[in-house]
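Trainee: how does the following fold in three dimensions:
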Amino acid sequence: MNATVRTGGCLCGAVRYSVRGEPVHVGRCHCADCRKESGSAFTVYAQWPVDACEITGEVSSYAGRGFCGRCGSRLLDPVDPDDPLIEIRIGSLDQAPFDLTPQDEVWVKRREKWIAPVEGAAQHDENR
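Mentor: Sure, this is the predicted structure:
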C-alpha cells in the first residue's frame with residue numbers, strides 16, 4: 001500500500017513542499033501569535049516526521065516561523081537539526097485536507113465566542 005502524499009506551497013509558487021504519510025498530530029491554535037501571523041481567529045497545523053517532508057524553494061523565517069520571502073505566505077515552522085517533526089500550516093496544502101481533524105485545541109481561553117470547539121478534540125486553556 002502506498003503512503004498518502006500531500007503537496008502544498010505558497011501563493012506565488014516559489015516554495016513547494018510534499019509530505020508523505022499521515023501526520024503525527026493535528027491541532028488548532030487560538031494564541032495571540034497564531035492569530036497575528038494568520039490574520040485570522042486561529043491557525044490549523046499538522047506535524048509530520050521531518051524525513052517525510054521535502055521542500056523546494058527558499059523559506060524565509062522570522063522568530064521560528066517559515067514563510068515565502070516573495071509573497072509572504074505562512075507555510076511551516078522551520079526545523080532545527082534535532083527536531084523530529086515539522087509543523088505545516090494545513091491551509092497551505094494544495095487540496096483542502098477534509099480528512100485532517102484537529103485532535104487538540106490550544107489557547108481556547110482566547111477562542112472567539114462565535115467559534116465552536118472542534119468536536120472530540122481535547123481542549124486546553126493554554127498549551128497542551
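Trainee: show me what the top strand by length along the chain is packed up against.
Mentor: Taking residue count as the measure and DSSP state E as the definition, the longest strand of the chain comes out as strand 43-49. On a contact count with 3 or more CB pairs under 8 Å, 6 or more residues apart in numbering; DSSP states H and E, strand 43-49 meets strand 25-29, helix 32-38, strand 85-89. Any C-beta I mention is one placed from the backbone N, CA and C, and that applies to glycine too.
Trainee: what is the mean pLDDT for it?
Mentor: The pLDDT scores in strand 43-49 average 96.
Trainee: partners of that strand, with directions?
Mentor: Paired strands of strand 43-49, with direction, are strand 25-29 (antiparallel), strand 85-89 (antiparallel) (DSSP bridges).
Trainee: what lies in contact with the lowest-mean-pLDDT helix or strand in the chain?
Mentor: Across the helices and strands of the chain, mean confidence by mean pLDDT, DSSP states H and E is lowest for helix 32-38: a mean of 92. Residues outside helix 32-38 that contact it (CB atoms under 8 Å, 6 or more residues apart in numbering) are 41, 42, 43, 65, 74, 89, 91, 107, 110.
Trainee: do stretch 90-107 as well
Mentor: Taking contacts as CB under 8 Å, 6+ apart, the residues outside stretch 90-107 that touch it are 6-10, 23, 25-32, 34, 38, 43-46, 73-76, 111, 117-118, 120-128.
Trainee: try stretch 115-123
Mentor: With CB under 8 Å, 6+ apart as the test, stretch 115-123 has contacts from 28, 30, 41, 42, 101, 102, 103, 104, 105, 108, 111, 128.
Trainee: repeat that with 10 Å
Mentor: The contact list for stretch 115-123 (CB atoms under 10 Å, 6 or more residues apart in numbering) reads 26-28, 30, 41-42, 44, 101-106, 108-109, 111, 128.
Trainee: next up, the contacts around residue 64.
Mentor: The contact partners of residue 64, by CB under 10 Å, 6+ apart, come to 33, 77, 78, 79, 80, 87.
Trainee: hmm, I typed the wrong one, I wanted residue 29.
Mentor: Residue 29 is in contact with 35, 37-38, 42-45, 102, 104-108, 110-111, 124, 127-128, counting by CB under 10 Å, 6+ apart.
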